[in-house]
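In: Sequence first, then the predicted structure:
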Amino acid sequence: MNAGAPDIGATGSNNGATLDGTEGVEEANSQAAQQRKAFETALGMMAMRIVSDAQADLDAAMDDTEEDV
């Protein structure tokens, strides 16, 4: 471990969420929680786009390989 790095452990921070993954009522309605959910949604959409593009590239490469045989 880097001596200058913070030790957050294997689980990291729970950001105010309880251990079962639920949030308190005040946290669920806060602007920070809404922003976090919006960010997670946008991040998920970008990840799906990247995976979809990679799958399309793989499919195209496989089609080219089949045509060469």
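Out: Alright, I've got the coordinates. In this text the structure is predicted, and so the values were computed from the model without any measurement. Numbering: from 1, shown residues only.
In: Run through the strands of the protein in chain order.
Out: For the chain, strands defined by DSSP state E do not occur.
In: residue ranges of the helices in it, please?
Out: For the chain, the helices defined by DSSP state H occupy 25-29, 31-68.
In: For the last one, buried residues please.
Out: What that stands for is helix 31-68. By neighbour count on 16 or more other CB atoms under 10 Å, the buried set for helix 31-68 is Ala33. Heads up, the C-betas are built off the backbone N, CA and C, glycines and all.
In: circling back to that earlier point, please produce a markdown table containing the helices of the chain, extended by mean pLDDT.
Out: Shown next, in a markdown table, are the helices of the chain (pLDDT from 0 to 100):
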| stretch | mean pLDDT |
| --- | --- |
| helix 25-29 | 66 |
| helix 31-68 | 93 |
